[in-house]
Structure formats: structure tokens, C-alpha cells
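[1] Quick one: sequence and predicted model below, then my questions.
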Amino acid sequence: LSVQADVAAHVARSLLVELTPGEPRVAAAIDARAHAAYLKARYHWGRPGDEGYTQCLQYLDEALRLAPDYAPAFGLLARVQVGSAEYYRALPRAAFLRAREAAQRSLELDPAHAEAQVVIADLARLVDFDWQAAKAGYRAALSANPSSELAHRCYAFLLVIQGRHDDAVRAAELARELDPLCLVPSL
């Protein structure tokens, strides 16, 4: 795993030099154990409903203990906190507050982290009822990662609220095409 991480970091640095003008950002080295814990958390989060919620949080705690500045772990933690509000595992107001804090921390560490951007957009939609901010957030997430099933699916929910049903169906279908194994129903 550490060899794969080293090779991936080298390739990413090489691409950054070629693709981005100015000073390239250098990705921080990732603790292999933290990344493994993060992947286990992601696996448990992907289980049906909230079946893997507890195990997901345990692995996220481990990942963040091993690597306190690991942006993907904070991004997933933010998403899990939104889920804890949706499944009423916690008081929604408190869960949404924790989600916002985790997403903001993820974005401090990696401003282009798509999952954290989706959470910020979700909070604009679910808590603030700010459709423009939500739209901008989903677009930022899709700009950072056009293949994000999560961003397309959540954007579809916003489009439904706005009465743009044809656009919502297209966004949901694209989300399904990007991740046909996703267990979350789209629209």
C-alpha cells in the first residue's frame, strides 16, 4: 500500500507540474495505516441504510488518530454526520454542525476535496435553504471531480426541489451510470 501511495504521489506531482500553471501543490505523504482505516470506514459507510454507521465511525476515528490532517477522512466524516442527521442517529442540528466543521476542516486541508464540497452544498440545501449556494457548491464539487456519483446524486435532489424534473432525472441517471453498485436510491 505504501508503494502504491508513493507511486501515485509521484504521478500526481508530475501531472501537477504539467497541468497547473504557477506553483504546484505537493500532496502530503499519506500514512498507509490511516488510509487503510479510511478505506474500511468507506466500506462500512457504503453498506445498506445505516447498517455500517458504528463501524464507519470507529475506522474514521482510527484514521484521524493516525493522520490528523487527512482531508479525505474529514470529508467522509462530514458526509457521515449528514447521514446521522438523516437517519436520526443524532439530533439533526448538532449533526449538521459537526458536518459543517468536518467539511470545513477537509477543505482547509484540500480546497478541491469534492466530498467536502458536496457536504457544504448539502448543508446549504438542507439547513440554510440557500439554493444558489447549494448549486454553486455542487458545481464546485463537480468541477473538482466530474466523476463524483455523490455530487451528481445530491445535485439531482436540488433540481427536484427547484421543479427541474427532467434535469434531475438526467443527473440521477448519470450518478447511477457512474456508480451502478451504489445502494442509495436515486429519486
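    The structure has been received and is ready for your questions. Only a predicted model underlies this, so the values are computations on that prediction, with no experimental measurement involved.

[2] tell me which element the residue nearest to the spatial centre of the chain falls in.
    Centre of the chain computed as the mean C-alpha position; nearest residue by Cα atoms, centre = their mean is residue 115, 1.8 Å away. Here residue 115, judged by DSSP states H and E, is contained in helix 114-126.

[3] Residue 95 too?
    Assigned by DSSP H and E, residue 95 falls within helix 92-109.

[4] Buried by neighbour count: which residues of that helix qualify?
    By neighbour count on 16 or more other Cβ atoms under 10 Å, the buried set for helix 92-109 is 92, 95-96, 98-100, 102-103, 105-107, 109. Bear in mind the C-beta positions are built from the backbone N, C-alpha and C, glycine included.

[5] returning to that earlier point: give me the nearest residue to the residue nearest to the centre of the chain, chain neighbours excluded.
    Nearest residue to residue 115 in three dimensions, chain neighbours excluded: residue 75, at 3.8 Å (Cβ to Cβ, 6 or more residues apart in numbering).

[6] Ok, residue 73 next?
    Setting aside the residues directly before and after it, residue 73 is nearest to residue 63 in space (Cβ to Cβ, 6+ apart), at 4.3 Å.

[7] mind listing what the one you found touches?
    By Cβ atoms under 8 Å, 6 or more residues apart in numbering, the contact set of residue 63 is 34-35, 37-38, 41, 70, 73.

[8] Just the ones of those in helices?
    If you go by DSSP state H, these have 34-35, 37-38, 41, 73 in helices.
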